[in-house]
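S.K.: quick one: sequence plus predicted model below, questions after.
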Amino acid sequence: MPAVSKGDGMRGLAVFISDIRNCKSKEAEIKRINKELANIRSKFKGDKALDGYSKKKYVCKLLFIFLLGHDIDFGHMEAVNLLSSNKYTEKQIGYLFISVLVNSNSELIRLINNAIKNDLSSRNPTFMCLALHCIANVGSREMAEAFASEIPRILVAGDTMDSVKQSAALCLLRLYKTSPDLVLMGEWTSRVVHLLNDQHMGVVTAAISLITCLSQKNPDEFKTCVSLAVSRLSRIVSSASTDLQDYTYYFVPAPWLSCKLLRLLQCYPPPEDGAVKGRLVECLETILNKAQEPPKSKKVQHSNAKNAILFEAISLIIHYDSEPNLLVRACNQLGQFLQHRETNLRYLALESMCTLASSEFSHEAVKTHIETVINALKTERDVSVRQRAADLLYAMCDRSNAKQIVAEMLSYLETADYSIREEMVLKVAILAEKYAVDYSWYVDTILNLIRIAGDYVSEEVWYRVIQIVINRDDVQGYAAKTVFEALQAPACHENMVKVGGYILGEFGNLIAGDPRSSPLVQFNLLHSKFHLCSVPTRALLLSAYIKFINLFPETKPTIQEVLRCDSQIRNSDVELQQRAVEYLKLSSIASTDVLATVLEEMPPFPERESSILAKLKKKKGPGAVSVTELEDNKREGGELNGSSDRGPDIAAMAASNASTPSPSADLLGIRSAAPVGAAPTSAGSLLVDVFSEAGPAAPSLAVNDDGFLRDLEQPTEASDALLVEGSGDSDSAPPSEDPAAPLSEADELLNKFVCKNNGVLFENQLLQIGIKSEYRQNLGRMYLFYGNKTSVQFASFSTTVTCPGELQSQLNVQTKPVEPIVEGGAQIQQVLNIECLTDFSDAPLLNIKFRYGGALQNLTLKLPVTINKFFQPTEMLSHDFFQRWKQLSQPQQEAQKIFKANHSMDTEVLKAKLLGLGMALLDNVDPNPENYVCAGVIQTKGQQVGCLLRLEPNAQAQMYRLTLRCSKDSVSRRLCELLAQQF
């Protein structure tokens, strides 16, 4: 960088800054700034032309004033003029001002671009670097369009200085991140890759950041970088600290470059060339060997640099998962860190070992550290480290250590942090089920789980234990005895009452021979909990009572007396009242044979993928391993025969032949289940579903074995990995009949379209799906645009739209077929006609299947069709609005939510979102002008639903209170859920 001459000291700027610092109050500072702004404005507008030094000084003052938090609305042209100066300091200040203050949409961009072009073509390395820095700092699309083709040429030119190459590589990286469609390497690809061989380490470091980003998007184009990266890594790893003296950090040669090289290699599979692979393995062994050497310095910087390289090397070893020796050595090295005094190292070691535990080569090595991990779970002070320890125990569990691990996790649950209890409960339930050989141990474990952490035991867990008991004759008597004993505790969790009511209602006769658990004793024990339970549990207990009449006729008078009392047959809850009345009538008029037929035992449940595991996966924690990992890596686990996609609702069975259940009778979600006789979706699955979230017509939630594009290229985004590869690679193989599960971010994508009708629904490296839709009254039309982003055609392209569960009767969707072939770079269109029959809460599912490079791609999304799309805006005066507001005063008609603002509380943005919702935004209605009120009518085929909305923002607390009142309660709740995520 050129030396700054004495005349560049800018004494006037120094005096101004000193004056600002000496101001005693905010008012004095503003007064001094306004005085200076007036002086600068007069100088700029004066007739006398200012010299470069004066322009630079005044522009510097404006920049300083802006950094103090004041708006600057002039001086931009003077800053642009400084770019044409031949003095470094003047040009530097001009570029600095532009980088900070000039908006990418400014009218001056064309002038700035011309000045930058002049500097880039000047061949002055200092000026070229300033121009490149400005491009990177602004990073606008206009600059990308202007310079994206010029910068690669500068980067690979033989006469470009090293400092300029560094700036060019990082500038190109910035433009690629902001406008990837404009940065096309093309002919420059091979020359950019060969920068890895550059003599200047700074150029290599900058280039590898660019190459890593480019290879993630286009791995095939940059695959030649693997051998060069291995060669460069080998030279660094084998060098002494004195060989790279300028790039040695606390006795560690080029640690940042080493980490970047290792990270680049993680974008590719193991090298196919034997020599390259052997050299890479040698590098990794050297890194592991150096980790065992005594430290060359006691300073933390030395250990940090050394460990950073080590952990990147271990990540690469785990990524390849093909070298048993390296995997075991990596595991042993991580095991040493488990007892390190540094908390961060312990955390990283636990996290890496979680991944190692899923490898067949290192699983046994990980298990040798079980005692250390259990000790960490008990003694660590940091909750995040304890969380990772629990994840590792879950990952290393198999049949040989399942009982020990489950016992330790149960023991820890009693004192576990509330933030991780729910996930811990799910993991214990999954492990207990998967590795249960003794089913009495499984029953004991789940009941103990309910006792210890009942509030965190989800419905899926207790549904599952009931299914196991029903499907296993040999455990039914033990389960009945165990729950009977558990219910005798003075303080009994409601989930325990549910399990007890169900199991005793089905199998109480197996323990009725003991006087201590006679029929009346069982009934009195259950009924003693009745008044403490919620409505769904009371409904289940009433069903258990009618079961008792069938199992134990001697209890009939006692139970009929309970059903006959006013608190039951005149209960304010319609569900309890209906059950009590119908069960009483059934027990009075039905013969013994009829009663035995209606109230017979539940049949065994068919199998399905576990909803407990699905719930754990939703949490997206590092320990929430996938179905594939559990199935493929731990196949030695014990099977639990007979599972279900139905929920264990006694009432649905008990009253199925007696009456038509009320709309609220589906307490346990049985209407969403497949019929009893449905064929199992996965006969080999060890974990099965209890309550499927989708009905029989909904797509299967089964996940195929292979990850997205495993055989073609590495995924670059987490969402890319959610496309599921087919079971075969041959083009002739028939497509899989089962659609993939909806993407984990499907709800998030859906929420983006609540207040808008057009946009990009989904995009990854292969496919882009755009949407354009319009609605009128209860009808809608949606245009779907499928774009092929690759150069290879999509074969066997097909789409299917399904309405899961009750949505079939609420929404009518008609689709037109699509072309089966989508050429590379082409786009096809599909039209959907939508009719709203009645209000709904779910969304239709869109499944897309096609073949890319021989592999079947399978993707399921939620179509952004929400109830608010059928709004008809309604204009109302203040008097009419509040009169109607008071009319909708029943508690069930109102839904209210108080929540923290997720986005900026900008007035115009709020108005735009409310208008996008489809309602009329009413002005001068609410007494508080800060509040927003809206009115509209939802048009369905069967009825019209009037809706009023009131949004009360609190800017100081960054909170909202959202209130909706609708003539139909389900609409109020659904709209409240949708809108709370928009603001």
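M.R.: Nice, I can see it.

S.K.: who touches the host helix or strand of Gln387?
M.R.: Taking DSSP states H and E as the definition, Gln387 sits inside helix 383-396. Residues from elsewhere that reach helix 383-396 (C-beta atoms under 8 Å, 6 or more residues apart in numbering): 343, 346-347, 350-351, 353-354, 357-358, 363, 366-367, 370, 373-374, 376-377, 380, 405, 408-409, 412, 416-417, 419-420, 423-424, 427, 431, 621-623, 625. Where you see a C-beta, it was placed from the backbone N, CA and C, and this is true even at glycine.

S.K.: now, the residues you listed that are in helices?
M.R.: Using DSSP state H, the subset of the contacts of helix 383-396 located in helices is 343, 346-347, 350-351, 353-354, 363, 366-367, 370, 373-374, 376-377, 405, 408-409, 412, 419-420, 423-424, 427, 431.

S.K.: mind giving me the PyMOL select for these, buried ones only?
M.R.: Here is the PyMOL selection string for the buried members of the ones in helices among the contacts of helix 383-396, based on 16 or more other C-beta atoms under 10 Å:
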select buried, resi 346+347+350+351+353+354+363+366+367+370+373+374+376+377+405+408+409+412+420+423+424+427+431
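
S.K.: wait, Asn471 sits on Met602?
M.R.: No. Under the criterion of C-beta atoms under 8 Å, Asn471 makes no contact with Met602, lying 9.8 Å away.

S.K.: counting neighbours, what do you get for Ser231?
M.R.: For Ser231, the count of nearby residues is 16 (other C-beta atoms under 10 Å).

S.K.: residues in contact with Val475?
M.R.: Contacts of Val475 (C-beta under 8 Å, 6+ apart): Tyr439, Ser440, Tyr442, Val443, Ile468, Val469.

S.K.: how far off centre is stretch 41-55?
M.R.: Distance of stretch 41-55 from its chain centroid, counting by C-alpha atoms, centre = their mean, to the nearest Å, is 55 Å.

S.K.: any buried residues in that stretch, and which?
M.R.: Result for stretch 41-55 [16+ other C-beta under 10 Å]: buried residues Phe44, Gly52, Tyr53, Ser54, Lys55.

S.K.: distance of the last one relative to Ile20?
M.R.: Yep, that's Lys55 we're talking about. Distance, Lys55 to Ile20, using C-beta to C-beta, to the nearest Å: 21 Å.

S.K.: then the fourth one?
M.R.: From Ser54 over to Ile20 the distance is 20 Å, taken as C-beta to C-beta.

S.K.: go on, the third one?
M.R.: Using C-beta to C-beta, Tyr53 is found at 21 Å from Ile20.

S.K.: I'd like the next helix or strand past the helix or strand harbouring Lys55.
M.R.: Lys55 is part of helix 52-67 when elements are defined by DSSP H and E. For helix 52-67, the following helix or strand on the C-terminal side (DSSP H and E) is helix 76-82.

S.K.: who touches that next one?
M.R.: The contact list for helix 76-82 (C-beta under 8 Å, 6+ apart) reads 44, 50, 52, 55-56, 58-59, 90-91, 93-94, 97-98, 101-102, 106, 108, 111-112, 115.

S.K.: tabulate the buried residues of stretch 41-55 (JSON lines), appending pLDDT.
M.R.: Output for the buried residues of stretch 41-55, formatted as JSON lines (pLDDT from 0 to 100):
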{"residue": "Phe44", "pLDDT": "87"}
{"residue": "Gly52", "pLDDT": "84"}
{"residue": "Tyr53", "pLDDT": "86"}
{"residue": "Ser54", "pLDDT": "87"}
{"residue": "Lys55", "pLDDT": "87"}
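
S.K.: now these in JSON lines, with distance to Ser970?
M.R.: Shown next, in JSON lines, are the buried residues of stretch 41-55 (distance: C-beta to C-beta, whole Å):
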{"residue": "Phe44", "distance to Ser970": "64"}
{"residue": "Gly52", "distance to Ser970": "71"}
{"residue": "Tyr53", "distance to Ser970": "72"}
{"residue": "Ser54", "distance to Ser970": "71"}
{"residue": "Lys55", "distance to Ser970": "67"}
